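Engineer: need the 3D shape of this:
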Amino acid sequence: MSDAAMIKAQIPAHPADGEVTALADVLALAPDPGWQWRMLYLEAMTRPDCPIDVLDVERSIDKSPQGLSYAWPDLVSLADQLFQTIEIAIVAFDDAHRCVLVVECLDSSYWRILADKTDQRATQALERIATLR
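Structural biologist: The predicted structure follows:
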């Protein structure tokens with residue numbers, strides 16, 4: 001999908017109020033309409049009591065040329081365990097296998113959301129996430 005077919009929003013990972021915008025915050029505003037989710041990249045820190053070994057997840061992603069597939073509940077569960085997202089790339093595909101939404105965090109600095117402008121559900125998700133500014 002070309003950039004021309006996508007609309008973009010960028011939000012700070014550390015807004016002026018001092019609160020961190022976490023992956024869980026972003027996903028909470030992008031409810032799943034049945035998309036297929038793939039995590040293409042992850043560098044993050046989990047909460048101290050987290051049962052997930054984030055380094056294992058990162059290594060699994062690195063070994064997979066197409067990233068790791070996630071069901072929506074599993075993706076949300078993982079997001080709830082992340083204390084800090086340093087870098088991440090998650091892509092949502094519709095039933096026709098078109099990329100409709102991209103969620104990225106870059107250098108712990110900002111979130112970049114891309115949505116297929118021809119997909120109403122994706123553009124609505126982007127608009128909701130953009131309210132986190």
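Engineer: contacts, neighbours, all on C-alpha from now
Structural biologist: Will do.
Engineer: which residues in this structure form helices?
Structural biologist: Assigned by DSSP state H, the helices in the chain fall at 23-28, 54-63, 72-81, 120-129.
Engineer: now those as CSV including distance to C105, mean pLDDT and mean neighbour count?
Structural biologist: Below are those laid out as CSV (distance: least, Cα to Cα, whole Å; pLDDT from 0 to 100; neighbours: other Cα atoms under 10 Å):
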stretch, distance to C105, mean pLDDT, mean neighbour count
helix 23-28, 8, 94, 18
helix 54-63, 15, 90, 15
helix 72-81, 13, 93, 16
helix 120-129, 13, 95, 20
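Engineer: between the two ends of stretch 8-17, how far is it?
Structural biologist: Terminal residues of stretch 8-17 are spaced 23 Å apart (Cα to Cα, to the nearest Å).
Engineer: pLDDT on that stretch, on average?
Structural biologist: What stretch 8-17 shows for mean pLDDT is 85.
Engineer: run through who's touching it.
Structural biologist: Under the contact criterion Cα atoms under 8 Å, 6 or more residues apart in numbering, stretch 8-17 has outside partners 20-22, 105, 108-115, 126, 130, 132-133.
Engineer: just how off-centre is it within its chain?
Structural biologist: Mean-position distance between stretch 8-17 and its chain equals 14 Å (Cα atoms, centre = their mean, to the nearest Å).
Engineer: cool, thanks, signing off.
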